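1. Predicted model follows, preceded by the sequence.
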Amino acid sequence: MATLKYWIWLTTRAGLRPGEAVFLAEHFGGAERVYFADRAEYDLLRLPRLVKESLYDKDLSGTDRILEDCDRENIRLLTMQDAEYPERLRQIRTPPCLLYVKGKPLRVDEAVTVGLVGARQCTDYGRRMAKELADGLARAGVVLVSGVAQGIDAAGVRSALRAGGRVISVLGGGTDVVWPQSSADLFADVGVAGTLVTEYPPGTPTLGGHFPVRNRIIAGLSMGVVVVEAGRRSGALITARHALEENRDVFAVPGPADAGCSQGTNALIQGSGAKMVCKAADILEEYQDIYPNRLTLAARPDPARVLEETDKRIDKNRESAYSTQETCTKEVSQEQRILLEALGNETLCPDELVERTGWPARQVLSELTMLQVEGFVTPAGGNRFRASRTIGKA
């Protein structure tokens with residue numbers, strides 16, 4: 001505890017930029033030695049005047065308050081000297097000297113971790129893709145690393161938690177400062193079921209300038225980062241850049257060529273070497289051979305078996321299950337048969353069909369469109385659909 005207070009003192013010096021605390025600790029041989037150095041030793045260093053003046057200040061009352069706040073809020077502190085400090089994070093160019101952690105332990109070195117980031121003002125398509133990717137990754141055993149901001153981050157985190165996955169949310173302020181208010185439930189849920197982590201002490205407000213700095217931690221904790229919707233000047237692209245600089249994998253979800261929210265992701269695919277992904281399996285295939293014992297890949301339905309079961313059920317229930325539907329002998333694809341079986345007699349929305357089939361949302365929507373054209377499915381209002389015909393034998 002005695003040494004810890006010097007780490008807090010060092011990392012709360014005004015004007016300190018990422019990497020400068022590490023430089024000082026390495027130069028003097030630890031945070032305690034930085035504290036006990038004199039003015040002449042500081043003046044020999046090429047540091048901004050604001051930083052030097054802050055180093056002259058030896059008052060530890062603020063440090064004591066931070067320790068009290070951490071104790072009251074059940075926040076753990078990790079320094080670079082601690083064995084629990086993630087080696088994966090230690091290896092980046094500007095690792096944080098001190099982390100404030102709330103919730104479950106920050107154990108990532110033995111896990112497959114994927115960062116998921118994207119636009120706050122996202123489209124329905126982006127939100128849907130974030131949910132689908134996060135769900136698939138979580139069910140496979142991947143630890144999701146993200147933030148808690150509205151939009152892509154919040155959609156992904158909520159989906160991963162619902163799937164029972166591990167989540168690490170990296171914050172741009174103190175763990176006790178809820179921002180945005182729309183994510184208050186996520187702060188509570190991640191603080192219990194997952195891990196909240198930040199390099200800012202309790203009480204630190206969430207400021208815009210903190211996010212570019214925070215993004216290096218998301219990239220550093222992750223083996224790969226997937227970007228779901230990002231404009232040309234999006235903060236998510238900063239995370240992707242950090243990932244590329246640290247030799248981490250970068251993935252991007254494509255979008256319409258004329259959509260502002262997809263300009264950044266499309267540019268990553270086109271010019272930065274990011275892998276285009278449309279489903280969780282596109283990401284998982286990069287790691288399943290390297291970490292076969294850390295991933296649980298859910299088996300996709302066998303189309304042939306599902307088709308056989310579909311035919312049996314249709315034959316068996318032709319009079320009862322489809323009594324209100326017209327029988328048609330027109331040929332449909334194997335995928336369309338599977339989707340009709342998933343729809344059955346119910347009125348369902350696309351998200352429910354995604355869950356039943358295990359398909360990407362894009363595929364479900366595409367097949368639904370074709371089934372509407374062929375007259376097998378009709379809209380039922382409220383973005384829901386019902387079968388209007390069953391499949392007869394030619």
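-> On my side now, so go ahead. Numbering: from 1, shown residues only.
2. Between its first and last residues, how far does stretch 35-49 reach?
-> 17 Å (CA to CA, to the nearest Å).
3. Can you pull the phi/psi pair for the spatially most central residue of the chain?
-> Taking CA atoms, centre = their mean, the centroid of the chain lies closest to residue 116, which sits 3.0 Å from it. Per-residue torsions, residue 116: phi -130, psi 120 (degrees, to the nearest 10).
4. again, but for the one 4 residues further on
-> Reported as degrees, to the nearest 10, the phi and psi values for residue 120 are phi -80, psi -40.
5. Identify the residues contacting the nearest residue to it once chain neighbours are set aside.
-> Using CB to CB, 6 or more residues apart in numbering and skipping residues adjacent in sequence, the residue nearest residue 120 is residue 151, 3.9 Å away. Where you see a C-beta, it was placed from the backbone N, CA and C, and this is true even at glycine. Residue 151 makes contacts with 118, 119, 120, 121, 122, 126, 127, as judged by CB atoms under 8 Å, 6 or more residues apart in numbering.
6. and residue 139, what are its phi and psi?
-> Backbone geometry at residue 139, expressed as degrees, to the nearest 10, gives phi -70, psi -20.
7. My understanding was that it contacts residue 284; is that so?
-> No. With contact defined as CB atoms under 8 Å, residue 139 does not reach residue 284; the gap is 10.1 Å.
8. of the two, who's got more company?
-> Under the criterion of other CB atoms under 10 Å, the comparison of residue 139 against residue 284 puts residue 284 first, with 21 against 16.
9. tell me the pLDDT at the more buried one?
-> You'll see residue 284 listed with a pLDDT of 96.
10. what about the residue nearest to it when sequence neighbours are not counted, neighbour count?
-> In this structure, residue 284 finds its nearest non-sequential neighbour in residue 140, 5.5 Å apart by CB to CB, 6+ apart. Residues near residue 140, counting by other CB under 10 Å, number 22.
11. Against residue 157, how distant is residue 140?
-> Per CB to CB, to the nearest Å, residue 140 is found 16 Å from residue 157.
12. again with residue 208
-> From residue 208 to residue 157 the distance is 20 Å (CB to CB).
13. what about the two, which has more around it?
-> residue 157 (29 against 8).
14. wait, what's in contact with the more buried one?
-> Taking CB under 8 Å, 6+ apart as the criterion, residue 157 is in contact with 134, 144, 146, 148, 167, 169, 186, 190, 194.
15. Let me have these in JSON lines, extended by distance to residue 215.
-> Putting those into JSON lines (distance: CB to CB, whole Å) gives the following:
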{"residue": "134", "distance to residue 215": "18"}
{"residue": "144", "distance to residue 215": "16"}
{"residue": "146", "distance to residue 215": "11"}
{"residue": "148", "distance to residue 215": "14"}
{"residue": "167", "distance to residue 215": "17"}
{"residue": "169", "distance to residue 215": "13"}
{"residue": "186", "distance to residue 215": "18"}
{"residue": "190", "distance to residue 215": "18"}
{"residue": "194", "distance to residue 215": "19"}
